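K.L.:
A structural model of the following input is requested.
(chains A, B, C, D, E and F)
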Protein chains: 6
Amino acid sequence: MKISARNILKGTVKAITAGSVNSEVVIELPGGQEITSIITKKSVAALGLAPGKQAYAVIKSSEVMIAVD
Amino acid sequence: MKISARNILKGTVKAITAGSVNSEVVIELPGGQEITSIITKKSVAALGLAPGKQAYAVIKSSEVMIAVD
Amino acid sequence: MKISARNILKGTVKAITAGSVNSEVVIELPGGQEITSIITKKSVAALGLAPGKQAYAVIKSSEVMIAVD
Amino acid sequence: MKISARNILKGTVKAITAGSVNSEVVIELPGGQEITSIITKKSVAALGLAPGKQAYAVIKSSEVMIAVD
Amino acid sequence: MKISARNILKGTVKAITAGSVNSEVVIELPGGQEITSIITKKSVAALGLAPGKQAYAVIKSSEVMIAVD
Amino acid sequence: MKISARNILKGTVKAITAGSVNSEVVIELPGGQEITSIITKKSVAALGLAPGKQAYAVIKSSEVMIAVD
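P.N.:
Numbers count the residues shown, from 1 in each chain, chains lettered A, B, ... in the order given. Below is the predicted model of the structure:
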């Protein structure tokens, strides 16, 4: 499946914290930076996510803000 | 200002494409990956963004999806 | 690619209205209902979208609100 | 109340899964497709949502992505 | 229509800036603070928005971040 | 840090409801209106949020919808 989201960042699952409805998933990027995602517990199971597994952080460009010091 | 958004990724402005209301800003991360953001033209001006300038891509964790091959 | 977004609704592209940075894409669902999406012009081109083509409306569950009469 | 969200899809509540802060609500559309929403537990109560009840899935067009095979 | 969005802030339309696909709408709240919204041009027309008119800024609680000095 | 989000509304933390992954934070604005935010528990701790503390509700303009009676 090819998707319109402009940000598809390849990385590795570093940690997963499960909640009641949602779970927190941390992806480590090649440059060492981390991206934290909140997705539903059902999605974590459906994607078979686990620490060490390769995954993509997918972000619609209209959801990305910019900041400067 | 300290913000609740869990993803504050430091990088360099690579390109800016202006539209009528919105503009497209591409940030290059240290690992070489790029993040595309859509923000309003007024925000680009207010932040003084320009290619080569240091900036952060700021993303609320609930806006990040995960994908696998 | 398999994605965590819980809503992947199959339909047909009905109309595309191009703007300067963004474009408006209308997808018709099997039940006759329509879903309107705003994505960047570059994404429309990258996906090769055109009226009559099969496509999916992809929506993260945390972006869906509920209303009642 | 009339709202700017371009996607107001009429359907029937199929299932509700309660969490600690959020709940997962599944709406079935006339064509048989389902839309999953994550809203707060307080909103589920305030709207009086229950399986079998008529409800609308409301989605801002800028939150809808498009994908193709 | 009653909606699950937890933030329905009553105010007055202060300004509207039209773009090609989107428009920027500024709402002034009773306390004098302003909220800026980006909605499609079609929505501005459908709601009959104009400076001086009463309107609500509607925001899903999961889209609101918090910051401190 | 200066951010592109166009809505940075100063107020006071009125209430915090903790969940398993997320927490609900209510901010009271000068005009008496309230804004509800859902952020992660970790962010509440990182920002040192507590009732009575000054804080800002930060909202990207593309996340704000408009409604009329």
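K.L.:
quick one: secondary structure of A:Val13?
P.N.:
When the structure is reduced to helix, strand and coil (DSSP: H, G, I helix; E, B strand; the rest coil), A:Val13 reads as strand.
K.L.:
helices of chain A, start to end?
P.N.:
Remark: helices of chain A, listed N- to C-terminal, are A:41-47; assignment by DSSP state H.
K.L.:
so where is it shaky, pLDDT-wise?
P.N.:
Confidence mapping of chain A against pLDDT under 70 gives zero matching residues.
K.L.:
swap the cut-off to 90 and go again
P.N.:
The model of chain A has pLDDT under 90 over residues A:19-22, A:31.
K.L.:
which residue is nearest the centroid of it?
P.N.:
For chain A, the residue sitting closest to the mean C-alpha position, by Cα atoms, centre = their mean, is A:Ala57 at 3.8 Å.
K.L.:
hang on, that one packs against A:Gly11?
P.N.:
Yes - because the distance of 6.4 Å satisfies Cβ atoms under 8 Å, A:Ala57 is recorded as touching A:Gly11. All C-beta atoms are positioned from the backbone trio N, CA, C, and that covers glycine.
K.L.:
who touches both of those two?
P.N.:
In terms of Cβ atoms under 8 Å, 6 or more residues apart in numbering or on different chains, A:Ala57 and A:Gly11 are both contacted by the residues A:27, A:29, A:35.
K.L.:
how far away is the first one from B:Asn7?
P.N.:
This points to A:Ile27. According to Cβ to Cβ, to the nearest Å, A:Ile27 stands 10 Å off from B:Asn7.
K.L.:
what touches both of the two?
P.N.:
Going by Cβ under 8 Å, 6+ apart, residues that sit against A:Ile27 and also against B:Asn7 are A:35-36.
K.L.:
list the contacts for the nearest residue to A:Ile35 once chain neighbours are set aside?
P.N.:
Taking Cβ to Cβ, 6 or more residues apart in numbering or on different chains, and ignoring the residues beside it in sequence, A:Ile35 has A:Ala57 as its nearest neighbour in space, at 4.3 Å. The contact partners of A:Ala57, taken as Cβ under 8 Å, 6+ apart, are A:7-9, A:11, A:27, A:29, A:35, A:37, B:64-66.
K.L.:
give me the beta-bridge partners of A:Ile66?
P.N.:
According to DSSP bridges, the partner residues bridging A:Ile66 are B:Ala57.
K.L.:
help me confirm that it comes into contact with B:Ile59.
P.N.:
No - A:Ile66 is not in contact with B:Ile59 according to Cβ under 8 Å; the separation is 10.4 Å.
K.L.:
endpoints of stretch A:55-68, how far apart?
P.N.:
Separation of the first and last residues of stretch A:55-68 by Cα to Cα, to the nearest Å is 29 Å.
K.L.:
neighbour count added to the shared contacts of A:Ala57 and A:Gly11, as CSV?
P.N.:
Output for the shared contacts of A:Ala57 and A:Gly11, formatted as CSV (neighbours: other Cβ atoms under 10 Å in any protein chain shown):
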residue, neighbour count
A:Ile27, 25
A:Leu29, 20
A:Ile35, 25
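K.L.:
what is the most widely separated pair among the contacts of A:Ala57?
P.N.:
Using Cβ to Cβ, the contacts of A:Ala57 reach their maximum pairwise distance at A:Leu29 and B:Met65, which is 15.4 Å.
K.L.:
would you list the phi and psi of the residue of chain A found nearest chain F?
P.N.:
Among the residues of chain A, A:Gly19 lies closest to chain F, at 3.1 Å counting by Cβ to the nearest Cβ. Main-chain torsions, A:Gly19, degrees, to the nearest 10: phi -120, psi -160.
K.L.:
need the contact list for A:Val21.
P.N.:
For A:Val21, the set of contacting residues under the criterion of Cβ under 8 Å, 6+ apart consists of A:40-41, D:17-20, D:22-24, D:38.
K.L.:
go back to those and keep what's next to chain C.
P.N.:
Counting by Cβ under 8 Å from any Cβ of the partner chain, the subset of the contacts of A:Val21 that neighbours chain C consists of A:40, D:24, D:38.
K.L.:
out of those, flag the one nearest to D:Lys2.
P.N.:
Each of the ones next to chain C among the contacts of A:Val21 was checked against D:Lys2 using Cβ to Cβ; the closest is D:Ile38, at 24.4 Å.
K.L.:
for the contacts of A:Val21, which entry has the maximal number of neighbours?
P.N.:
Using other Cβ atoms under 10 Å in any protein chain shown as the contact criterion, the top neighbour count among the contacts of A:Val21 goes to D:Asn22, which has 33 neighbours.
K.L.:
contact partners for it?
P.N.:
D:Asn22 makes contacts with A:20-22, D:38-41, F:19, F:22, F:38, as judged by Cβ under 8 Å, 6+ apart.
K.L.:
same question, A:Ser37
P.N.:
For A:Ser37, the set of contacting residues under the criterion of Cβ under 8 Å, 6+ apart consists of A:24-27, A:57, B:61, B:64-66, C:4.
K.L.:
identify, from the residues you listed, the entry nearest to chain E.
P.N.:
For the contacts of A:Ser37, the nearest to chain E is B:Ser61 (10.1 Å; Cβ to the nearest Cβ).
K.L.:
what residues does chain A have near chain D?
P.N.:
Taking Cβ under 8 Å from any Cβ as the criterion, chain A approaches chain D at residues A:1-5, A:19-22, A:40, A:42, A:60, A:62.
K.L.:
out of the ones next to chain C among the contacts of A:Val21, which are close to chain E?
P.N.:
With Cβ under 8 Å from any Cβ as the criterion, those include D:Ile38 near chain E.
K.L.:
so which of the ones next to chain C among the contacts of A:Val21 belong to strands?
P.N.:
A:40, D:24, D:38 (DSSP state E).
K.L.:
isn't the last one up against A:Lys42?
P.N.:
Read that as D:Ile38. No - in this structure, D:Ile38 is not within contact of A:Lys42 by Cβ under 8 Å, at 10.8 Å.
K.L.:
which neighbours do these two have in common?
P.N.:
With the criterion set as Cβ under 8 Å, 6+ apart, the overlap between the contacts of D:Ile38 and A:Lys42 is D:Glu24.
K.L.:
counting neighbours, what do you get for A:Val64?
P.N.:
Other residues within reach of A:Val64, judged by other Cβ under 10 Å, total 26.
K.L.:
which residues does the closest residue to it other than its chain neighbours bridge with?
P.N.:
Sequence neighbours aside, B:Ser37 is the residue nearest to A:Val64 in space, at 3.7 Å (criterion: Cβ to Cβ, 6+ apart). Bridge pairing for B:Ser37 (DSSP bridges) gives the partners B:Val25.
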